[in-house]
Structures are given as C-alpha cells and as structure tokens.
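Peer 1: What follows is a predicted protein model with its sequence.
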Amino acid sequence: MTAYAAASGICSSNSMHTLFIKMLPLVLLTLAGFLLNRLKWIDANFNRQLSLVMINVFYPCLILSSILRNFTWETLWRNWMAPVGTALILLCGWLVGRLTLSLLKHRTEATQRSYLFACLMNNYSFLPILMAAALWGEGAVALIIFASLGAELCVWTLGVKTLTGGHLNLKLLRDLFSLPMLALLTSFLLLAVRSLCERHGSLPVTGSWIDELLRTVLETFRMAGGATIPASALVCGSRIAMLHPRKILSQLVGGSVFLRLVLVPAICIAALLIVPLPTEVRNVLALIAVMPAAMVSVTFSEVYGGDADYSAAAVLVSHIVCLITIPVWLWLVL
C-alpha cells in the first residue's frame, strides 16, 4: 500500500474512529491520573516529584535509547531536513505566540510563560509515532524519532528560556545543560564513536561479555525511557482533576487551541508545500505540524514555575478538538 493510499484510508469516514484508537493509550493513562487524584492517592506534591523524576531520569533514558537504537552517525547527516523542519515548526508556533502575547497583558507572568510554551511545543513524538506507523510503516516511525531531535533542541533551549523567563546569558546557557540535553549530546557522541569503531573494525565481538553488557545497558535505558509517556499522562490527568471548569472553558484556552490546531498548522503546511522536500519528509513534517499541545507541557510547568492549570486545560481541550482537525488536515494535505 502506498503512502497516499494509506493516508486516504485514515482520512475516510472512519478517520475519527481510527484516530481515537491511536490516542486511546494516552486517554486511558490520563484518565488513570484523574481518578487517582480524585481518590486522593496522588496530589500536587506527587505531581511535582514525579515531574522531576520524569525530566531527570526517564526522559534522558528515552532520548539515549531512541537515538542509539534507531540511528547511525551517517543517517543523522543524511536526513538533516527532518529535524531542521521540526525545529522550524516549533519556532513558528513560538513566533505566533510571541506576536499574540500582548493579548495576555492582564494575565500573570506564569500564565504568559506557559501560554508561549504551549504555542511553541506540540505533541511532536508519541502521537505522531502511533499515526505514522498506521499510515506509512516502520520507516516513517524512525523518521519521526529522528525529526524529534530538532524539537528536543528547541525545547531545551528556547523552551526552557521561555518557561523560566530568563535572558540568553552565560548563566542561562549553563543552566540549559540539563540531564536531557546532556543525554542528547551524549547520544551524538556515542554514535560518532560507534561509527569510528566500525570503520576500524574495533567493535566488541557479537556474543562477547562486553557486547552483552552494552546491550543490557541499552535495554535498561529503553525500559526506563518507556516510563516517560505514562508519567507525563498521569501528571496531566492529575492536574486536570484539580481544574475548575471555568479554566477549561476559558477564552484563553479556546484561543490557544485555535492557534495550535488551525493557525500554526496552516502556516507550516503552506511552507511545506512550497519548499522542495522528499515526499516522505514532507508527510512526516505535515503530521507533526498538526499535532495538539504536548502533555509534557504540564510537567514542564510544574518543574519550571509555569501555570500548570492552564497547561493542563490546553492539553485536554486540544486533544479533544484534534479528533476533528487532524483528519481534516491530512485529507487536505496528503
């Protein structure tokens, strides 16, 4: 089945049903966080502690595992358009948020920072991976993971600066070398070392104790990294349980969802249709461009002092509305 045939399948009358099934793991995990909070098993303090563990342990492991298991030093350079395109998509969202930030002049600084972060960061990884697997298969999944490198660089530079309200000075640049950013840089270094070892024939012999040890370490990273998305969903669901209905149905959340799911995708897709790109890269970038707000924005707001209530409301509403907008965008573009 070709990419276009597969795409037309998800954009048919069953598109919303298919999309909901792909989002079901996120829905169920978020619901679990909601119920656990209502049962008083987890609270705001738990949210913050789990957020710290997620950012400083689970997330770095996910970065190392994904890059080392799916890429080589050569593929990093051969597909450079994918991460660059993703970074530009996020930057477009940030610019739109920056241009509209004056509309929030009566809001708190924490809310303004979280709003700008929500405009910058969408669900560029987990949901696109699930949908790319259904649309185009394993090759597109690997391309999604590689494209996320551009997003990671944006999040841990411009994103952290946005949420902390800091200026780009030496102190902030030093603080940006967090564990996730160090994991990203370490993964690049390890790929380069592996490439050099392959050229000189000095890789550990398959089946040797060194080879087994390295595989075990990588598997440990994979297992720990697999907790990133469940942890983010639990925190998000717990925060949603603490929301007052008026925060969910606010004009601010409605405007944020419009920017995230309509305006920013329209700008990005128009650019993708103009710029000459390989078909598979254009499809993947278009899929990333139409994604809802990222669940981890709640976690980041918890850790860096943003408005976690606003972030949770934006995540909830954008994930509901995207059941309609994503099939429409895919039908128009693919």
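Peer 2: Done, it's in. This structure is a prediction, so every number in the text was calculated from the model and none was measured.

Peer 1: so where is the stretch 101-250 of the chain shaky, pLDDT-wise?
Peer 2: By pLDDT under 70, the low-scoring segments of the stretch 101-250 of the chain are 130, 133-134, 137-139, 166-177, 205-206.

Peer 1: go again using 90 as the cut-off
Peer 2: Across the stretch 101-250 of the chain, the ranges flagged by pLDDT under 90 are 105-106, 123-188, 191-215, 218, 222, 225-250.

Peer 1: tell me the helices in it, going along the chain?
Peer 2: Per DSSP state H, counting those that start in this stretch, the stretch 101-250 of the chain has helices spanning 109-120, 126-135, 138-154, 160-164, 170-175, 179-200, 209-225, 228-241, 245-248. These are given in chain order.

Peer 1: Tell me the spacing between Leu238 and Arg113.
Peer 2: Quick fix: residue 238 is Ser, not Leu. Computed as C-beta to C-beta, to the nearest Å, the Ser238 to Arg113 distance reads 21 Å. C-beta coordinates here come from the backbone N, C-alpha and C atoms, glycine included.

Peer 1: of the two, who's got more company?
Peer 2: Set side by side, Ser238 and Arg113 show more neighbours around Ser238, with 27 against 23, by other C-beta atoms under 10 Å.

Peer 1: Now do the contacts for the more buried one.
Peer 2: Going by C-beta atoms under 8 Å, 6 or more residues apart in numbering, Ser238 touches 33-34, 36-37, 42-43, 46-47.

Peer 1: Name the nearest residue to Val333, ignoring sequence neighbours.
Peer 2: Here the nearest residue to Val333 in space, its sequence neighbours aside, is Ala286; by C-beta to C-beta, 6 or more residues apart in numbering that works out to 5.0 Å.

Peer 1: and that neighbour, how many neighbours does it have?
Peer 2: For Ala286, using other C-beta under 10 Å, the count is 23.

Peer 1: Is it within a helix or a strand, and which one?
Peer 2: Of the helices and strands defined by DSSP states H and E, Ala286 is found in helix 279-289.

Peer 1: Please identify which helix or strand holds the residue lying closest to Val262 once chain neighbours are set aside.
Peer 2: Leaving aside its chain neighbours, Val262 sits nearest to Thr325 (6.8 Å; criterion: C-beta to C-beta, 6+ apart). Assigned by DSSP H and E, Thr325 belongs to helix 308-333.

Peer 1: Can you point out the buried residues in that helix?
Peer 2: Of the residues in helix 308-333, those with enough neighbours to count as buried (16 or more other C-beta atoms under 10 Å) are 308-319, 321-322, 325-330, 333.

Peer 1: Give the rounded mean pLDDT of it.
Peer 2: Model confidence over helix 308-333, given as mean pLDDT, is 87.

Peer 1: Please apply the same query to stretch 267-281.
Peer 2: Stretch 267-281 carries an average pLDDT of 90.

Peer 1: measure Cys322 to Thr216 for me?
Peer 2: Cys322 is 39 Å from Thr216, by C-beta to C-beta.

Peer 1: An error on my part: the question was meant for Thr75.
Peer 2: Counting by C-beta to C-beta, the gap between Thr75 and Thr216 amounts to 24 Å.

Peer 1: between these two, which one's more packed in?
Peer 2: For Thr75 versus Thr216, neighbours defined as other C-beta under 10 Å are more numerous around Thr75 (14 against 10).

Peer 1: so what's that one up against?
Peer 2: Phe146.

Peer 1: surely Thr108 meets Gly305?
Peer 2: No. At 10.9 Å, Thr108 and Gly305 do not qualify as touching, with contact defined as C-beta atoms under 8 Å.

Peer 1: When the two are compared, which one has more neighbours?
Peer 2: Neighbours were tallied for Thr108 and for Gly305 using other C-beta under 10 Å; the higher tally belongs to Gly305 (15 against 12).

Peer 1: Just the pLDDT at that one, thanks.
Peer 2: 82.

Peer 1: Nearest residue to it in space, please, no chain neighbours.
Peer 2: Nearest one to Gly305, counting by C-beta to C-beta, 6+ apart, is Ala110 at 6.3 Å.

Peer 1: In contact with that neighbour, which residues?
Peer 2: Taking C-beta under 8 Å, 6+ apart, one finds 301, 305-307 in contact with Ala110.

Peer 1: quick one: it from Ser311, how far?
Peer 2: 10 Å.

Peer 1: what do the two both touch?
Peer 2: With C-beta under 8 Å, 6+ apart, Ala110 and Ser311 have common neighbours Ser301.

Peer 1: ok, back up a step: between the helix holding Thr325 and helix 126-135, what angle do the directions make?
Peer 2: Helix 308-333 runs at 20 degrees relative to helix 126-135, counting by axes from the mean of the first three to the mean of the last three C-alpha atoms, to 10 degrees.

Peer 1: chain center to helix 308-333: distance?
Peer 2: Relative to the centre of its chain, helix 308-333 is centred 14 Å away, using C-alpha atoms, centre = their mean, to the nearest Å.

Peer 1: Great, nothing more from me.
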